[in-house]
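Participant: What follows is a predicted structure for the sequence shown.
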Amino acid sequence: MPASRASVNALGKLLSAAAEPFYVVAADRRIVFLNDACASWLGIEANELVGQQCQYGTAAEGPAASAVAAALCPPPEVFAGGRTTAQVVLPSTSPGAAREIEFVPLQASDGAWLVLATVRPGGAAVDDEAGASATRLHARLQQYRRKLASRYHVDRLLGDSPVMQRARAQAKLAAGSAASVLIVGPPGSHREHLARAIHYGGSGAAGPLVPLASALLDADLLQAALRTLARSKSGEQRPATLLLGDIDALPEAAQNDLSRSLSGGRFAARIISTSRSTLGELAGRGVFCADLACLLSTLSIELPPLGERLADLPLLVQWYVEQANLRIGKQVGGCLPEVHDRLADHAWANDLQELEEVISEAHLHAQGPLIGLQDLPPRLALAAQASARPAKSDEKIVLEEYLAKVEHELIVRALKRAKGNKTKAARLLGMTRPRFYRRLVQLGLET
């Protein structure tokens, strides 16, 4: 016999009054219930969260309810019937501390899964050591989101390697300064994204940003851009910023012209430049204007190639998996450990941009809750096979040595055919007898 409305209401009141925080997520990943203790821990009204859809991804801060819902999302494998415990770090908008949550799948009569999430008592410190566990990597990403302002583009600066810690400190310093900034890194390392994050990341309203491709500029175009910026009025905004992409490709005439403009104090806008190499190094080789190198490198941020910070790779991979979750709605928990090993062996010619493309393709092909080797693009396996069997280097051919060997062989054959008669052997080879004797001596066939 179906339960009466009164008994259902009574049960709801009992669950709401339970001392242990818990909530329930439906098969469509919508939060359908949370009790009073859970709402108190989260610092948010229950009715603000009920009905919110949560996706397994670490996004930039948004509305408080959406950000909290995203943090509470169960790992995708739970919706396939797997019971698990994971650490959850709430966004900075919530007063709650990091806690462990036990996710228990409950299959309904129609075959769909409900998830009962029970918040364990006491705090749970997030493990800072790199781990292969997708849920641990997810918790570390949540911790990064809480610690770092979204304006610093956390995906460009993820990692605990010393070089990335230094890059984060430099980016924070650059965002609060009006000095010229040089961002050095390999192609595909998202140098321009970081430049934009620095421009828009300071306090107050940002001024206009004018991006220019240095390789396409000549002295006339550069002067036109400088005049346009000089005439612009920013009002209460900060000064305009000129973003010169690949400044190392700026033509020599334009380099000299820009150096004169900056040295004369006629240009008030800030300049952020990107380059594949440090300008000091290029100036030392005589391929870049030394004065301009000094003027543009007041603050310098170096983004190392991905191959030089492989310890950061698992966290970056998890980030791109979760960004794909948010982008297309399909939920994947992360990657199996062997996938991390395969990715670490790959030579990332196009750095972070290539890694993001690879993970996006693997996310699209993944059939289970975690990405496996079979989901990776075939080109990674082909590249691994090619690197296991490197091409042989071309053997050098010294023409004189090669011809001497051929001549030696022909003379030996001629002597054998002439039964040791040198005059006859010389005639067989079309050589004069004196020349034949000289070659015998020179080739070591006769003393």
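Facilitator: Right, received. Where do you want to start? Numbers count the residues shown, from 1 in each chain.
Participant: gap between the residue nearest the centre of the chain and Glu361?
Facilitator: When the chain is reduced to its mean C-alpha position, the nearest residue by Cα atoms, centre = their mean turns out to be Leu352, at 3.1 Å. Distance of Leu352 to Glu361, computed by Cβ to Cβ, to the nearest Å: 15 Å. C-betas here are computed from N, CA, C, even on glycine.
Participant: what bridges to Leu299?
Facilitator: Beta-bridge pairing for Leu299 (DSSP bridges): Val181.
Participant: for it, what are its contacts?
Facilitator: Leu299 sits next to Gln170, Leu173, Ala174, Ser177, Ala179, Ser180, Val181, Leu182 when contact means Cβ atoms under 8 Å, 6 or more residues apart in numbering.
Participant: so can I have CSV of those residues showing pLDDT and neighbour count?
Facilitator: Shown next, in CSV, are these (pLDDT from 0 to 100; neighbours: other Cβ atoms under 10 Å):
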residue, pLDDT, neighbour count
Gln170, 89, 18
Leu173, 89, 14
Ala174, 89, 26
Ser177, 85, 14
Ala179, 89, 13
Ser180, 92, 21
Val181, 94, 28
Leu182, 96, 25
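Participant: From Lys172, how far off is Gly201?
Facilitator: Distance from Gly201 to Lys172, by Cβ to Cβ: 8 Å.
Participant: more crowded one of those two?
Facilitator: The neighbour count for Gly201 versus Lys172, taken as other Cβ atoms under 10 Å, is higher for Gly201 (19 against 16).
Participant: hang on, the more buried one packs against Ser177?
Facilitator: No - assessed by Cβ atoms under 8 Å, Gly201 is found out of contact with Ser177, at 10.9 Å.
Participant: now do the same end-to-end measure for stretch 66-77.
Facilitator: Stretch 66-77 has an end-to-end distance of 22 Å (Cα to Cα, to the nearest Å).
Participant: Give me the contacts around that stretch.
Facilitator: Contacts for stretch 66-77 (Cβ under 8 Å, 6+ apart): 23, 25, 29, 31, 42, 44, 49, 52-59, 61, 82, 84, 86, 88-91, 93-94, 101, 103, 115, 117, 134-135, 138, 142, 331-333, 369-370.
Participant: The same query, at a cut-off of 6 Å, please.
Facilitator: 25, 42, 44, 52, 54-56, 59, 61, 84, 86, 88, 90-91, 93-94, 103, 115, 135, 331-333, 369 (Cβ atoms under 6 Å, 6 or more residues apart in numbering).
Participant: Make a PyMOL selection of whichever of these turn out to be buried.
Facilitator: Entered in PyMOL, the line below selects the buried ones among the contacts of stretch 66-77, by 16 or more other Cβ atoms under 10 Å:
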select buried, resi 25+42+44+52+54+55+56+59+61+84+86+88+90+91+93+94+103+115+135+331+332+333+369
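Participant: Just the ones of the contacts of stretch 66-77 in strands?
Facilitator: Applying DSSP state E to those, the entries found in strands are Val25, Thr84, Ala86, Val88, Phe103, Val115.
Participant: which residue ranges form the strands in the stretch 251-400 of the chain?
Facilitator: All strands of the stretch 251-400 of the chain, identified by DSSP state E, counting those that start in this stretch, fall at 270-275, 299-302, 334-335, 370-371.
Participant: hey, which of those strands is tucked in deepest?
Facilitator: strand 334-335 (a mean of 28; mean count of other Cβ atoms under 10 Å).
Participant: Against which helices or strands is that strand packed?
Facilitator: Under the contact criterion of 3 or more Cβ pairs under 6 Å, 6 or more residues apart in numbering; DSSP states H and E, strand 334-335 touches helix 313-328.
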